[in-house]
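*Asks:* sharing a model that was predicted from the sequence below.
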Amino acid sequence: MENNKVLEAVGLSKYFYDPVKFKVLKEINVSINHGDFVSIVGKSGCGKSTLLYLLSTMDTDYDGQIFIHKELVTGKTDKELALIRNEKIGFVFQFHYLLAEYNVLKNVMLPGMKLGKYSNQEIEHRAMKHLKTLDMEDQALKMPNQLSGGQKQRVAIARALINDPQIIMGDEPTGNLDKKNSDLVFDIFNKLTQEQNQTLLVVTHDTDFAERTNRIITMEDGKVIL
Amino acid sequence: MNFKLILNIALHLLRARLKQTIVAAVGVTFGIAMFISLVSFMHGLNDLLDGLMLNRTPHVLLYNEIKPSEKQPVSLADDYKNNVNFIHSIKPKDRGKSIYNGKTIIKVLKEDARIIDVAPKVTTPVFFNSGTIEISGIVNGIDVLPEEKLFKISDYIIEGKVADLLQNNSIIIGKGLADKMLLSKGDIIKITTSKGNLASLKIVGISEIGIAEIDNTMSYTSLATVQKILGEPTNYITDIQIKLFDMASTPAVAKEFRDKFNLDTIDYQTANSQFETGSTVRSIISYAVGVVLLIVAGFGIYNILNMMIYEKMDSIAILKATGFSGNDVKWIFVSLSIIIGLAGGLFGLLFGYIFSSIIDVIPFETASLPTIKTYPINYNPLFYVIGITFALFTTTIAGLFPALKASKVDPVEIIRGK
């Protein structure tokens, strides 16, 4: 198992400076193994989202070290980090963040086109495949504003999958959804772990959701307590 | 960096805000169109006014000036070397205005590869007699063919032909002169030279340059005729006019000939420096107005891009989250403004050309400029190059600041804010 770490944080601390200096995260050590479906839970303000954004490389203002796929990402340039996010991390947020100017298919394809690893036809083919597994292939040519909330979130998941990321990170991915759609999203995540051995790290305060994942990290006052 | 993708995103953002984009581009179009028509018109006007002067002015004029002896006897005396000398006993020598050995000089000059052509001339003050009054004026004895080649005098002949000057004892007089003396083509005019010689010449044409001072005094006749009136031999020449292929080299060439032929020379730049000044000032004004218009258009672009960035914060955040670097985002917005600048600029060039063409056909008839029928326009392609460069420069700068702001958007702040 030791050789199987997708993500590892060593001695991670983070401060907020406004309005007063305040230590949000206190020397956190955490590692995620390949194929894990991990949820981070905790009360509001315990720093769980903050931890996720540090691990996602989007927030670079911290003490400690983060390894993605055993590669130290701490201190890398904006450009290098962008490439890492593009290639190795998929994101699903509470809000779908689809670009209103593009149709569903293009939205899914965009990170793939940015990576430029495959030709556009190949990316389109892969995007359609992902949309198909999410049961969305008949919506591919619609614009995002023509979709329901649950459908939008599924498109966002397809977008997260397009570059075959090492890890998918979710910040309250079901936070805006009703029970039925939440279950749908959970089932999709679960299927991804079981069928494709996809690693998932999800911040949630939905306890139902968390209890069904195979590992729960509980946080309190900036520390991991479990 | 994947420029195709960045351009694609930029175009999609533009399409989503088509109306604002068009407004921004129209600002640039207007600025460039005004710039082009203004500069073309100003330069057309400059060319017209310069042409009035320059067409009739040789690039280099060789002549003999009457001047005092440079070496006064007193300055040769060793005793007074360190004293101030105010005794000028030697008055200007009368070498005459004739250029010594003029024919040889002309022959040498005609073989010079830098020179378009050489036109010898004899200028002499005369009195035109009309009944009891005498009007002072000037007779230019010209070598008709080279004079026509260099100065296009036929442009200013409103009656008759220049070639008629080749007949003996013929003269073309200025319109002012003709009006004053009630003379017309075919009449005989009597002139008296400064030495008292009297001659009768037949008027074969009337000229009008548009400058009253000149039209009231000037007349043209052939070299041979004027030499005959003055009672001088055929090698009597007072001016040698030269036009060069390379106008910029004029002062240097003038100096070279001054030393080589031991004559006085004057180049057109020195002779007409006030015209140059006027042209420069007019150019500066038109460029300044153009730049101001473009700066205003630049502010429009800046505003619209700024608004777009606030509207598209979410898009910027997700682009950054999914792997677009700050640099990529910056280029998206810079290319946005370059597209606006390029589209607006190209339309500006087109409209500028159309406006210039319209000005070009507006009638502009003035008695003083007989050859001009419409407003003058200079269609120099350089103005169009400057215009589009300006457009791209200002729009890029205007886009750069919002783009830098967009590149610094912190995705965490946006995403967590929801």
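*Replies:* Received, thanks. Numbering: from 1, shown residues only, chains lettered A, B, ... in the order given.

*Asks:* centroid-nearest residue for chain B?
*Replies:* The centroid of chain B falls nearest to B:Asp47 when counting by Cα atoms, centre = their mean (4.2 Å).

*Asks:* what's the spacing between the nearest residue to that residue once chain neighbours are set aside and B:Gly51?
*Replies:* In space, and not counting its chain neighbours, B:Asp47 is closest to B:Asn378: 5.6 Å by Cβ to Cβ, 6 or more residues apart in numbering or on different chains. For every residue, glycine as well, the C-beta is placed using N, CA and C. Distance of B:Asn378 to B:Gly51, given as Cβ to Cβ, to the nearest Å: 11 Å.

*Asks:* give me the more crowded residue out of the two.
*Replies:* Neighbours around B:Asn378 and B:Gly51, counted as other Cβ atoms under 10 Å in any protein chain shown, are more numerous at B:Asn378. The numbers are 18 against 15.

*Asks:* so what's whatever residue of chain A ends up closest to chain B up against?
*Replies:* Closest to chain B within chain A is A:Asn86: 2.3 Å, counting by Cβ to the nearest Cβ. Neighbour list for A:Asn86: A:111, A:114-115, A:163, B:322-324 [criterion: Cβ atoms under 8 Å, 6 or more residues apart in numbering or on different chains].

*Asks:* give the bridge partners for the residue nearest in space to the middle of chain A, please.
*Replies:* Nearest residue to the geometric centre of chain A (Cα atoms, centre = their mean): A:Met169, 1.5 Å. Going by DSSP bridges, A:Met169 is paired in beta bridges with A:Phe91, A:Leu201.

*Asks:* how about the helices in chain A?
*Replies:* A:48-55, A:78-88, A:104-115, A:120-133, A:149-161, A:179-196, A:207-211 (DSSP state H).

*Asks:* re earlier: tell me the pLDDT of the residue of chain A closest to chain B.
*Replies:* Turning to A:Asn86, the model gives it a pLDDT of 90.

*Asks:* give the closest residue to it in space, chain neighbours not counted.
*Replies:* What sits nearest to A:Asn86 in space, not counting adjacent residues and going by Cβ to Cβ, 6+ apart, is B:Gly323, at 2.3 Å.

*Asks:* so the one you found touches A:Gly116, yeah?
*Replies:* No: when contacts are counted by Cβ atoms under 8 Å, B:Gly323 is not listed as touching A:Gly116 (10.6 Å).

*Asks:* show the model's pLDDT score for residue 106.
*Replies:* Since no chain was named, I'll use chain A. Reading off the model, A:Lys106 has pLDDT 91.

*Asks:* let me rephrase: I mean chain B.
*Replies:* 87.

*Asks:* also A:Glu80?
*Replies:* pLDDT, A:Glu80: 90.

*Asks:* just the one 10 residues further on next, same as before
*Replies:* Here the pLDDT value assigned to A:Gly90 is 91.

*Asks:* neighbours around it, how many?
*Replies:* Neighbour count for A:Gly90, taken as other Cβ under 10 Å: 27.

*Asks:* now do it against A:Leu55, distance only.
*Replies:* 13 Å.

*Asks:* shared neighbours of the two, anything?
*Replies:* In terms of Cβ under 8 Å, 6+ apart, A:Gly90 and A:Leu55 are both contacted by the residues A:Met169.

*Asks:* quick one on the thing from earlier: now for the contacts of A:Asn86, which pair is the farthest apart?
*Replies:* Among the contacts of A:Asn86, the pair separated by the greatest distance (Cβ to Cβ) is A:Asn163 and B:Phe324, at 13.0 Å.

*Asks:* which one's more surrounded, the two?
*Replies:* Higher neighbour count among A:Asn163 and B:Phe324: B:Phe324, with 27 against 23, using other Cβ under 10 Å.

*Asks:* how near is that one to chain A?
*Replies:* Look at B:Phe324 and chain A: by Cβ to the nearest Cβ, to the nearest Å, they are 6 Å apart.

*Asks:* B:Asp179 too?
*Replies:* In terms of Cβ to the nearest Cβ, B:Asp179 sits 75 Å off from chain A.

*Asks:* okay, now that residue: neighbour count?
*Replies:* 13.

*Asks:* pLDDT score for the closest residue to B:Tyr375 other than its chain neighbours?
*Replies:* Leaving out its chain neighbours, the residue that sits closest to B:Tyr375 by Cβ to Cβ, 6+ apart is B:Phe364, at 4.5 Å. We have a pLDDT of 84 for B:Phe364.

*Asks:* where does the chain dip in pLDDT?
*Replies:* Since no chain was named, I'll use chain A. By pLDDT under 70, the weakly predicted segments of chain A are A:1-3, A:226.

*Asks:* other chain: chain B
*Replies:* Looking at chain B by pLDDT under 70, you get B:1, B:69-70, B:93-96, B:367-371, B:418.

*Asks:* flag every residue of it that's near chain A.
*Replies:* Contacts of chain B with chain A, taken as Cβ under 8 Å from any Cβ of the partner chain, map to B:2, B:5, B:12-13, B:15-16, B:314-315, B:317-328, B:410-412, B:415-416, B:418.

*Asks:* now the residue lying closest to B:Asn272 once chain neighbours are set aside: which helix or strand?
*Replies:* Excluding the flanking residues, the one nearest B:Asn272 by Cβ to Cβ, 6+ apart is B:Met53, at 5.3 Å. For B:Met53, the host element (DSSP states H and E) is helix B:18-54.

*Asks:* report all helices and strands that that helix contacts.
*Replies:* Applying 3 or more Cβ pairs under 8 Å, 6 or more residues apart in numbering or on different chains; DSSP states H and E, one finds that helix B:18-54 makes contact with helix B:273-311, helix B:326-361, helix B:381-407.

*Asks:* now do the buried residues in the second one.
*Replies:* Spelled out, it's helix B:326-361. Neighbour-count burial for helix B:326-361, counted by 16 or more other Cβ atoms under 10 Å in any protein chain shown, picks out B:326, B:328-349, B:351-353, B:355-356, B:359-360.

*Asks:* surely B:Thr193 is in contact with B:Gln227?
*Replies:* No: with contacts counted by Cβ under 8 Å, B:Thr193 stays clear of B:Gln227, the gap being 11.4 Å.

*Asks:* how many other residues sit next to the residue nearest to B:Asn272?
*Replies:* Neighbour count of B:Met53, defined by other Cβ under 10 Å: 15.

*Asks:* now swap in the one 3 residues further on and tell me
*Replies:* Using other Cβ under 10 Å as the criterion, B:Arg56 is surrounded by 18 other residues.

*Asks:* got it, and the one 5 residues further on?
*Replies:* Neighbour count of B:Leu61, defined by other Cβ under 10 Å: 20.

*Asks:* look at it and give its secondary structure.
*Replies:* The local conformation at B:Leu61, judged by DSSP: H, G, I helix; E, B strand; the rest coil, is strand.

*Asks:* wait, it sits on B:Thr250?
*Replies:* No: if you go by Cβ under 8 Å, B:Leu61 and B:Thr250 don't touch, sitting 10.6 Å apart.

*Asks:* hey, what's in contact with both of these two?
*Replies:* Residues touching both B:Leu61 and B:Thr250 (Cβ under 8 Å, 6+ apart) are B:Asp267.

*Asks:* ok so, going back, what would the helices and strands packed on helix B:18-54 look like in JSON lines with distance to A:Gln198?
*Replies:* Shown next, in JSON lines, are those (distance: least, Cβ to Cβ, whole Å):
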{"stretch": "helix B:273-311", "distance to A:Gln198": "34"}
{"stretch": "helix B:326-361", "distance to A:Gln198": "27"}
{"stretch": "helix B:381-407", "distance to A:Gln198": "32"}
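
*Asks:* so for B:Thr29, which of the ones you listed sits nearest?
*Replies:* Ranking these by proximity to B:Thr29 (Cβ to Cβ) places helix B:326-361 first, at 4.4 Å.
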